[in-house]
Structures are given as C-alpha cells and as structure tokens.
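Asks: sequence first, then the predicted structure:
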Amino acid sequence: MSIPVYEVSKSLGNFKVPDRVSLYVRKVSLVAFSGPSGSGKSSLLRIIAGLDSPDYGSVWLHGIDMTNTSTQYRHMAFVSQHYALSKNMTVYENTSFGLRLRGFSYQKIRNKVNDLLDCLRIPDIVSEYPGKLSGGQKQRVALARSLAIKSDFPSPDEPFGASDGELRRHLSKWLKRYLKDNGITTIMVTHDQKEVISMADEIVVLKQGRFLQQGRSKNLYDEPIDYFVGIFPGSFIEFPQLEESLDAPLNSSTTKSMEKDFTPFIPDLIWSQIFTNQSIHHYHFFLRLHELYLESQIDLKAIPVQIKKIIYKRTFVQLDLSITLSSWNITIPIGYQAFRKLNIQSFVQKLYIKPRNQVYLRAYPKKKNIISKQIQFFIINI
C-alpha cells in the first residue's frame, strides 16, 4: 500500500520538526529519509508509525486517514534506534513474540525465526538475552522481530547503524532483496549516504525539519533543487566567480571577463546565450566530477591547468589543479589506471581539462533572499 503524508508538523519548543512536510511513498517501494542530525527524520517516521501525534497534517494508510488512529491498527513495525527488546526474553523469544501472539504453530515459528536470524548472521545468539548482546546484534534482533510478523509497513530507524564494513553491506543488500521479494512498502532512516543511495528506490532529503526534495538518487544527483541537495549525493566542481558586483549590469567589461573565464570550455560562445539575462550575477554554476575530462595531450578546445599537488589515496589519486587562464582552483579524484595514462613526469607539466560531450550545467542562487523553487539547468553540447 502507498503512504501519502500531507503537511505534517510538530512543535518542539520554538521549532517545528517536521515543518509542513508532504511526501508520497509508492506501493512496494523503499523510501529513505536522509539529512543531518536534527533534520526531523526520526520525528517524521515516529509520526507516520503512530508513536507521536502531529500538531497539524495527516497520514494516510490503506487509503484511510490514520492520523489519529492507534499504532496497533496501522500495521506498521517501527524498529527503534533503542531496540526496545524485552530484557527477560531470549533472542528467540523476542523474535517470535509477535508470531506467538498471532497463534502460529510451533514449527512455523521456529522455521521463520531461524531463517531470519540466519540471514541476519546472528544464529549463534538465539538463546542469549539482550544484556549480553552488542549494539549491532540488538539492532538485528529488533529488525528480525519486525520482519517476522510481516507488517504492511516496516519502518527501521538506523537498522544497521552499529554495524560496519562487509557486514553492513551484506545486510543492506539482503534487506532490500527481502523487501522486494515480499512486496513490502518500507520507510527507513539512515545517516549513511552510501547506504541510502544503494538501498532506496527514492530518497527524501530533510533539513531543519523541512522537506527539500524527493526522488531517485540519479534525479538528486542530476537535478538537485538547491546547493544542500546538490552536495548530498556527491561532490561537484563550481565555476569561478566574477569579481563584478552582483547588482552591476552586464556591461562590456563583465562580458570580456566572463569570456576570459569560460570561452575555453565552450568555443562557440554558448555562455553568452545563457548569461544574457544576467543570471551569472544571481547563480553559482557547477558540474559533477565525472562530467569533466582530463588529458595530457594539447587540446585547443580544453583549458590548460597547472598541477599543484598530487595526493595518493587508497582507491584513487587526488589532483589539485590551478586553471592557468584564471584564479580558478579545482580538485579532481581519478582512478589509478586513468592517472597512469596521464603519464605525469613533473609538476611543471600542463594538463588539459574540458567537459565531456554532453553535461548538465547546474545552478543555485547566490543570495539567500533569492528564492528559487526550481533550480536552473542548461544542457550543453560540445
């Protein structure tokens, strides 16, 4: 079933977290709430699960307004960061508790519990009590308990926050496959950006209690609504800023400065078409790292760059570069194979950089008082 949420708000002191949040969770999809601490992720999830009541707004489940309906009638399984396990029950008893209440046979309960504990890689602790478990083990037991009863809308809050490395990657992949195979609609909360991008069908980005944008990771990557969403899925390279005043008219000197900085990228002066409305004074423009191409051979259609620093990382090489035609400094990470192909002999050697065949030129407002509900994009063909 789908989950519409309409303008949900809740006051916490002088703030509203969440603050008039509206979103839509499609049927049989996994939606992840993401954002910095204090953005309202867990608060919004608790309201949807019925653990907290909003001051305003509504939550709909099964096509019914469930805003004022008790938690037990929502058929949602909220997996708290604090686990909420019974200290007097073993792992087996905690996991099977909901199944026993529903009157399942001993054999079905045993098979289900053992299967879940095995998939979550905790079959060896089946007889242990929560007091002897690590934080990661408790999280997995709480998740197993919620999945065992096959609730309509399981809602894990940082389900693997206490796990790391290979185990976390395995659990993320397994959970996504399990939810898809069983046709389960899910909302989850996580701070891990890699986990969000790899698991979620759609991502809801929140900041200071407010909804910023919802969409697939590719949409957030290619078409962010603002700067904050833009840096969420990955780094970008920002174009240099003109020293001209933001309020100054687009005069001849500005145009010459603009051409000096940008025409090496676009030989046909496409920039002049973009900036005729003085948008260069009101927006920052940027590209994603993969949209730039770096080479060592002389290219008259590319910008020459000077190597400032080479830093060897674990899986890539970081190049700190300076644009020789302006005061623009950029940092580009490249793989070791691509780095070897550049055949860099010394720091005196020049490299050449240009956009790939087709790129998005993205923009976000310079001034805080410039409110833009839709970020501007220009597709550039070279």
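Replies: Great, that's in hand. Numbers count the residues shown, from 1 in each chain.
Asks: for residue 53, give me its contacts.
Replies: Residue 53 makes contacts with 10, 47, 67-68, as judged by Cβ atoms under 8 Å, 6 or more residues apart in numbering. Placement of C-beta: from N, CA and C, glycine included.
Asks: next, give phi and psi for the spatially closest residue to residue 21 that is not a sequence neighbour.
Replies: Nearest residue to residue 21 in three dimensions, chain neighbours excluded: residue 211, at 4.5 Å (Cβ to Cβ, 6 or more residues apart in numbering). In terms of degrees, to the nearest 10, the main-chain angles of residue 211 are phi -80, psi 130.
Asks: TSV please, covering the contacts of residue 53 and showing secondary structure, pLDDT and distance to residue 300.
Replies: Supplementary listing: the contacts of residue 53 in TSV, determined by DSSP: H, G, I helix; E, B strand; the rest coil; pLDDT from 0 to 100; distance: Cβ to Cβ, whole Å:
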residue	secondary structure	pLDDT	distance to residue 300
10	coil	94	59
47	helix	93	59
67	coil	93	64
68	coil	89	68
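Asks: max-length helix in this structure?
Replies: Determined from DSSP state H, the single longest helix within the chain is helix 165-181.
Asks: I'd like the distance between the residue nearest to residue 21 and residue 203.
Replies: For residue 211, the distance to residue 203 equals 12 Å [Cβ to Cβ, to the nearest Å].
Asks: cool, residue 350 as well?
Replies: In this structure, residue 350 and residue 203 are 40 Å apart, going by Cβ to Cβ.
Asks: among the contacts of residue 53, which ones are buried?
Replies: Burial of those was assessed by neighbour count (16 or more other Cβ atoms under 10 Å); the buried members are 10, 47, 67.
Asks: show me what contacts the second one?
Replies: If I follow you right, that is residue 47. For residue 47, the contacting residues are 8, 10, 18, 53-54, 59, taking Cβ under 8 Å, 6+ apart as the criterion.
Asks: with respect to residue 1, which of the residues you listed is nearest?
Replies: The shortest approach to residue 1 among those belongs to residue 59, at 12.3 Å (Cβ to Cβ).
Asks: next, that closest one: secondary structure please.
Replies: strand (DSSP: H, G, I helix; E, B strand; the rest coil).
Asks: what's opposite it in the beta bridge?
Replies: Note on residue 59: beta-bridge partners residue 5, judged by DSSP bridges.
Asks: pull the contacting residues for it.
Replies: For residue 59, the contact set (Cβ under 8 Å, 6+ apart) comprises 3-6, 8, 47-48, 50, 65-67.
Asks: quick one: which of the residues you listed is most hemmed in?
Replies: When neighbours are counted by other Cβ atoms under 10 Å, residue 48 leads the contacts of residue 59 with 27 neighbours.
Asks: which non-adjacent residue is nearest that one?
Replies: For residue 48, the nearest residue in space outside its immediate sequence neighbours is residue 59; the separation is 5.4 Å by Cβ to Cβ, 6+ apart.
Asks: for residue 203, see how far away that neighbour is.
Replies: For residue 59, the distance to residue 203 under the criterion Cβ to Cβ works out to 20 Å.
Asks: in the stretch 101-250 of the chain, which spans are helices?
Replies: Per DSSP state H, counting those that start in this stretch, the stretch 101-250 of the chain carries helices over the ranges 106-119, 135-148, 165-181, 193-199, 217-222, 227-231.
Asks: and these, which is most packed in?
Replies: The highest average neighbour count among these, using mean count of other Cβ atoms under 10 Å, belongs to helix 135-148 at a mean of 23.
Asks: care to break this structure down by domain?
Replies: Per automatic domain parsing, the structural domains of the chain span 3-231, 236-381.
Asks: most packed of those?
Replies: For the domains of the chain, ranked by mean neighbour count under the definition mean count of other Cβ under 10 Å, the leader is domain 3-231 at a mean of 18.
Asks: my read: residue 26 touches residue 200, true?
Replies: No - under the contact definition of Cβ atoms under 8 Å, residue 26 does not touch residue 200, with a separation of 11.8 Å.
Asks: quick one: low-confidence parts of the stretch 101-250 of the chain?
Replies: Screening the stretch 101-250 of the chain residue by residue with the criterion pLDDT under 70, one finds the ranges 239-250.
Asks: so what's residue 228 up against?
Replies: The neighbourhood of residue 228, defined by Cβ under 8 Å, 6+ apart, consists of 205, 207, 212.
Asks: again with residue 107
Replies: Contacts for residue 107 (Cβ under 8 Å, 6+ apart) come out as none.
Asks: also residue 25?
Replies: Residue 25 makes contacts with 2-5, 31, 185, 187, 202, as judged by Cβ under 8 Å, 6+ apart.
Asks: then residue 309?
Replies: Here residue 309 is in contact with 318-320 (Cβ under 8 Å, 6+ apart).
Asks: with residue 201 instead?
Replies: Contacts for residue 201 were tallied using Cβ under 8 Å, 6+ apart; they are 26, 29-31, 216.
Asks: cool, residue 168 as well?
Replies: 160, 192, 195.
Asks: redo these as CSV? Include distance to residue 84.
Replies: Rendered in CSV, the data for the contacts of residue 168 read as follows (distance: Cβ to Cβ, whole Å):
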residue, distance to residue 84
160, 17
192, 22
195, 22
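Asks: residue 151: which of these is nearest?
Replies: residue 160 (18.8 Å).
Asks: surely that closest one is in contact with residue 196?
Replies: No - checked against Cβ under 8 Å, the pair residue 160 and residue 196 is beyond contact range at 11.8 Å.
Asks: any residues in contact with both of these two?
Replies: Residues within reach of residue 160 and of residue 196 at once, by Cβ under 8 Å, 6+ apart, are residue 190.
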